[in-house]
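J.: I need the structure of the sequence given here:
(one chain, ligands or ions: 1)
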Amino acid sequence: MTVRFLIIGGGPAGNTAATYAARLGAEVIVVEREIVGGAAHLMDCIPSKTMIATGGAMTFGRKSAGMGLEEMQPEVDVEALTDRIEDIKDHLSNSTTELLVSQGVRIIKGSASFASPHSAIVTTADGSKETIEFDAAMISTGSRPRIPDWVQPDGERILTTRDCYPPKIFPTNVCIVGSGVTGVEFVHMFESFGAKVSLVVSRQQVLPGKDPEVAAVLEEDFLRRGVRLLKGARAESIEREGDEVVIKCDDGRQVRASHAVLTIGSVPNSDGLNLDLAGVHMDGGGYVPINHHCITNVEHIYAAGDVSGKLPLSSVASMQGRKIAEHVMGLHTREHRHLDYDKAASAIFTEPEIADVGLAEAEAFAHGRKIRVTKVPFSATPKALINNDARGFVKIISDPATGVVLGGSIVGRHAAELISVIALAVTANLKVSDIVESLLVHPALAEALAEAAE
Ligand SMILES: Cc1cc2nc3c(=O)[nH]c(=O)nc-3n(C[C@H](O)[C@H](O)[C@H](O)COP(=O)(O)OP(=O)(O)OC[C@H]3O[C@@H](n4cnc5c(N)ncnc54)[C@H](O)[C@@H]3O)c2cc1C
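T.: Numbers count the residues shown, from 1 in each chain. Here you go, the predicted model:
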């Protein structure tokens, strides 16, 4: 009997589940209200990385003298950059749609909400309604920027991240409120486009929770670039005064800027789904709790991606989607490997880039776990000197008794790519000797990985 699988939300979680389930023989229906490919994915992740890449090209141009070139002073072309962002977004959305359609997935443009544990109602843009019956369903509705009650974004000068692209103008003087991953990426992005930037950091370290040594490299870079860091300050009001915004902090400090951008997390898109009619529980924050198979409290209803309250990463959302498709089609009884969130690699697209995976040094110490930590700076790597960028390091954490790689972090150019080697080692329980004995390319930044594994 064919399984009828309804997926609400066509982001990385939803479309990955759809493609795998269709391949495995399910009848798949995806309901998406905005953009196939995902709102957070295509309206946050991709445009921010595209703008950061353009900002990086500008920074590279400014540093051209160090490469033996005459110094360049690149200027941004806002219209061309906007077209570039839209082209990439359209390309990704269209190719995802084409793949799903070619696999027989039915895509409905509309908004879905549950009507019962085995049915949902889809309302399309023209107001028409359709009831969909299902054997299994998946909630993958993503998230949106969190707006606290002490500020009212106006889309002009008081902005959420989604108001920043495509860029209408570039702020000349911007205050970023919130120093997590998104906050530091926005600091880097606006500074590389030439803005004066302030960052409100509620703790004593940017990137709270990250390895302090890693955060220190980033703070040093920000200070060198003239970023004003307001550490230990919580913003408590943001108001417009003419062409300025005034950000007041709880310690009495204030910042005047042309724009303020809120980067203080996200909230799940679980409202309006009528989860109660399906019997699905939410937690106090509106997230939908799941077990290790991504199943909610209702046996045949799954949740994945940001709405599940696990790691808010596109890569994690996709992997959850894949695991759900296998579970829906009964494959978990054979080759199913549980998703281990502790082994997810993540990256921060600043300059230098920061990436990490697996066990962190501080976490090991907190649990009294014996570890071996080896660290190699890129300044000892020929390719880093050739690249004219020897900042940062590679750190590998391993088990001193067995040599098994437990985690690592990389700060430096291409860290987001290089971390894949350590991520593979962590997932496959490889030993440091496996990295050391790999015949790597020379000259390459990856040589620092082999050295750190020695
Ligand atoms: C600024 C920023 C930068 C980021 N950068 C990165 C990065 O570099 N790398 C990374 O891995 N992650 C990044 N992320 C996180 C990443 O974007 C999310 O973790 C990811 O998109 C989550 O995927 P998802 O499938 O859960 O949700 P989404 O991508 O948001 O997809 C959910 C979809 O559900 C639809 N939907 C919602 N409700 C309904 C409904 N009732 N009916 C029908 N459709 C509905 C929405 O329209 C949306 O398209 C970033 C996030 C932000 C905010």
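J.: show me where pLDDT drops low in the protein?
T.: When residues are selected by pLDDT under 70, those of the chain lie in 333-336.
J.: now check the lengthiest strand in the chain, is it near the ligand?
T.: Using DSSP state E, we find that the single longest strand of the chain is strand 106-116. Yes: remark: strand 106-116 sits within contact range of the ligand at 111, 112, by CB under 6 Å from any ligand atom. (C-beta placed from N, C-alpha, C; glycine too.)
J.: got the angle for the following helix or strand past that strand vs strand 106-116?
T.: Using DSSP states H and E, the helix or strand that directly follows strand 106-116 along the chain is strand 119-124. An angle of 130 degrees separates the directions of strand 119-124 and strand 106-116 when computed by axes from the mean of the first three to the mean of the last three CA atoms, to 10 degrees.
J.: ok, and for strand 119-124, which residues are buried?
T.: Applying a neighbour-count criterion of 16 or more other CB atoms under 10 Å, one finds 120, 121, 122, 123 buried in strand 119-124.
J.: roughly how far out does that strand sit from the chain middle?
T.: Between the centre of strand 119-124 and the centre of its host chain there is 29 Å, according to CA atoms, centre = their mean, to the nearest Å.
J.: Report the beta-bridge partners for residue 257.
T.: Listed by DSSP bridges, the beta-bridge partners for residue 257 are residue 245.
J.: got it, and the one 10 residues further on?
T.: Using DSSP bridges, the bridge partners assigned to residue 267 are residue 144.
J.: Relative to the ligand, which of the buried residues of strand 119-124 is nearest.
T.: For the ligand, the closest of the buried residues of strand 119-124 turns out to be residue 122, at 7.7 Å, with distances computed as CB to the nearest ligand atom.
J.: distance of residue 65 from the ligand?
T.: Look at residue 65 and the ligand: by CB to the nearest ligand atom, to the nearest Å, they are 31 Å apart.
J.: Quick check: closest non-adjacent residue to that residue.
T.: Counting by CB to CB, 6 or more residues apart in numbering, residue 71 is the residue found nearest to residue 65 once chain neighbours are left out, at 4.6 Å.
J.: Near the ligand, which residues of the stretch 1-150 of the chain are found?
T.: Taking CB under 6 Å from any ligand atom as the criterion, the contact residues of the stretch 1-150 of the chain with the ligand come out as 8-14, 31-35, 38-41, 44-45, 48-49, 111-112, 140-142.
J.: before we move on, the earlier item: surely the residue nearest to residue 65 is in contact with residue 60?
T.: No: under the criterion of CB atoms under 8 Å, residue 71 makes no contact with residue 60, lying 11.7 Å away.
J.: Have a look at these two and say which one is more surrounded.
T.: The residue with more neighbours, out of residue 71 and residue 60 and counting by other CB atoms under 10 Å, is residue 60; that gives 18 against 10.
J.: Which strand or helix spans residue 7?
T.: Here residue 7 sits within strand 4-8, counting by DSSP H and E.
J.: now what about that strand, what contacts it?
T.: Under the contact criterion CB atoms under 8 Å, 6 or more residues apart in numbering, strand 4-8 has outside partners 14, 17-18, 21, 26-31, 112, 120, 132-141, 273, 325, 328.
J.: Select from the residues you listed every entry located in strands.
T.: Checking the contacts of strand 4-8 against DSSP E, those in strands are 27-31, 112, 120, 132-133, 136-139.
J.: From the residues you listed, list just the buried residues.
T.: For these, burial is judged from neighbour counts taken by 16+ other CB under 10 Å, and it is met by 27, 28, 29, 30, 31, 112, 120, 132, 136, 137, 138, 139.
J.: contacting residues around stretch 307-322?
T.: Contacts of stretch 307-322 (CB under 8 Å, 6+ apart): 9, 11-18, 20, 38, 40-41, 45, 138-143, 266, 268-270, 283, 285, 287-290, 294, 304-306, 339, 341, 344-346.
J.: re earlier: max pairwise distance over the ones in strands among the contacts of strand 4-8: which two?
T.: The two members of the ones in strands among the contacts of strand 4-8 with the most space between them (CB to CB) are 27 and 139, at 18.5 Å.
J.: what are the ranges of the strands in the stretch 201-350 of the chain?
T.: 228-231, 235-241, 244-249, 254-257, 259-262, 266-268, 301-303, 346-348 (DSSP state E, counting those that start in this stretch).
J.: Mind checking which of the residues of the stretch 1-150 of the chain next to the ligand land in helices?
T.: Secondary structure of those is defined by DSSP state H; positions in helices are 12, 13, 14, 39, 40, 48, 49.
J.: Quick check: closest non-adjacent residue to the fourth one.
T.: With sequence-adjacent residues excluded and distances taken as CB to CB, 6+ apart, residue 39 is closest to residue 142, at 5.6 Å.
J.: Then the fifth one?
T.: Ranked by CB to CB, 6+ apart and with sequence neighbours excluded, the top spatial neighbour of residue 40 is residue 142, at 4.7 Å.
J.: what's the burial count for that neighbour?
T.: The local packing count at residue 142 equals 28, with neighbours defined by other CB under 10 Å.
J.: wait, isn't it in contact with residue 306?
T.: Yes: contact status for residue 142 versus residue 306: in contact at 5.0 Å, counting by CB under 8 Å.
J.: Need the residues touching each of these two.
T.: 40, 268, 269.
J.: CSV please, covering the residues you listed and showing neighbour count.
T.: Compiled in CSV, these are given as follows (neighbours: other CB atoms under 10 Å):
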residue, neighbour count
40, 25
268, 23
269, 23
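J.: Please produce TSV containing these, extended by distance to residue 165.
T.: Listed next are the shared contacts of residue 142 and residue 306 as TSV, based on distance: CB to CB, whole Å:
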residue	distance to residue 165
40	13
268	22
269	20
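J.: Pick the one among the residues you listed closest to residue 439.
T.: Each of the shared contacts of residue 142 and residue 306 was scored against residue 439 by CB to CB, and residue 40 proved nearest at 39.8 Å.
J.: dump the residue contacts of that closest one.
T.: By CB under 8 Å, 6+ apart, the residues touching residue 40 are 11, 142, 143, 144, 266, 306, 312, 314.
J.: Could you do residue 223 as well?
T.: Here residue 223 is in contact with residue 229 (criterion: CB under 8 Å, 6+ apart).
J.: Check residue 392 too.
T.: Contacts here follow CB under 8 Å, 6+ apart; on that basis residue 392 touches 217, 352, 377, 378, 410, 411, 412, 413, 415.
J.: Neighbour-wise, which one of those residues leads?
T.: Neighbour counts for the contacts of residue 392 were taken using other CB under 10 Å; the highest belongs to residue 410, which has 32 neighbours.
J.: and that one, helix, strand or coil?
T.: Counting by DSSP: H, G, I helix; E, B strand; the rest coil, the backbone at residue 410 sits in strand.
J.: That one is in contact with residue 355, isn't it?
T.: Yes: contact status for residue 410 versus residue 355: in contact at 5.0 Å, counting by CB under 8 Å.
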